[in-house]
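# missing the sequence, but the structure's below:
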């Protein structure tokens, strides 16, 4: 794992959802309804970050109404769903936001996220991310997926270097 690159001014913060903002568990009932758990503190942290002018986006390999509802709940306008190719998805989100990759921080947890973690100006992985994602990240967070990752990235930026101005 490379050391975090301090001093990078980040304009776009992109989160994977499952395994980052959730613990990666999905509950499914007999009718096929799915549930995922989110933390209010993550919601509050993302809301505060956007209120301060930081652009925040979600990049997920998943699709469907639950992902859309999660993005709505967070107030996310930039959403890429069904993005199995995370590099392509991250590049498209940055272009849509008009932000160069040198100003993008990406938080991901899986092998599929590893190339995007390496591409972003700063790549961060939750503590329980896959070995490949942790290796590709600039920094591994103290927080596990679904346990307040957004809070750590946004409220405690000096530890991981992502949001230093």
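Received, thanks. The structure presented is a predicted model; accordingly, all values stated were derived computationally and were not measured.

# Only C-alpha atoms from now on, for both contacts and neighbour counts.
OK.

# which residues of the protein fall in strands?
Taking DSSP state E, the strands of the chain run over residues 12-15, 27-28, 34-35, 55-59, 78-80, 104-107, 122-125, 139-140.

# Just the helices from this structure, written as ranges.
Taking DSSP state H as the test, the helices found in the chain are 40-51, 65-74, 86-97, 114-119, 131-136, 149-155, 157-160.

# which parts of stretch 72-79 are buried?
Along stretch 72-79, these residues count as buried under the neighbour rule (16 or more other Cα atoms under 10 Å): 74, 76, 78, 79.

# so what's the last one scoring on pLDDT?
Residue 79 is assigned a predicted lDDT (pLDDT) of 97.

# how close does the nearest residue to it once chain neighbours are set aside get to residue 15?
Computed as Cα to Cα, 6 or more residues apart in numbering, the closest residue to residue 79 that is not its neighbour in sequence is residue 58, at 4.9 Å. The spacing between residue 58 and residue 15, counted by Cα to Cα, to the nearest Å, is 5 Å.

# same deal with residue 102?
Here the criterion is Cα to Cα. By it, residue 102 lies 16 Å from residue 15.

# Please say which of those two ends up with more neighbours.
Using other Cα atoms under 10 Å, the more surrounded residue of residue 102 and residue 15 is residue 15, with 23 against 16.

# is it true that the more buried one touches residue 55?
No: applying Cα atoms under 8 Å as the test, residue 15 and residue 55 come out as separate, 11.2 Å apart.

# pLDDT-wise, which helix or strand of this protein ranks last?
Across the helices and strands of the chain, mean confidence by mean pLDDT, DSSP states H and E is lowest for helix 157-160: a mean of 54.

# what's the burial count for residue 29?
By other Cα under 10 Å, 8 other residues sit near residue 29.

# quick one: contacts for it?
Neighbour list for residue 29: empty [criterion: Cα atoms under 8 Å, 6 or more residues apart in numbering].
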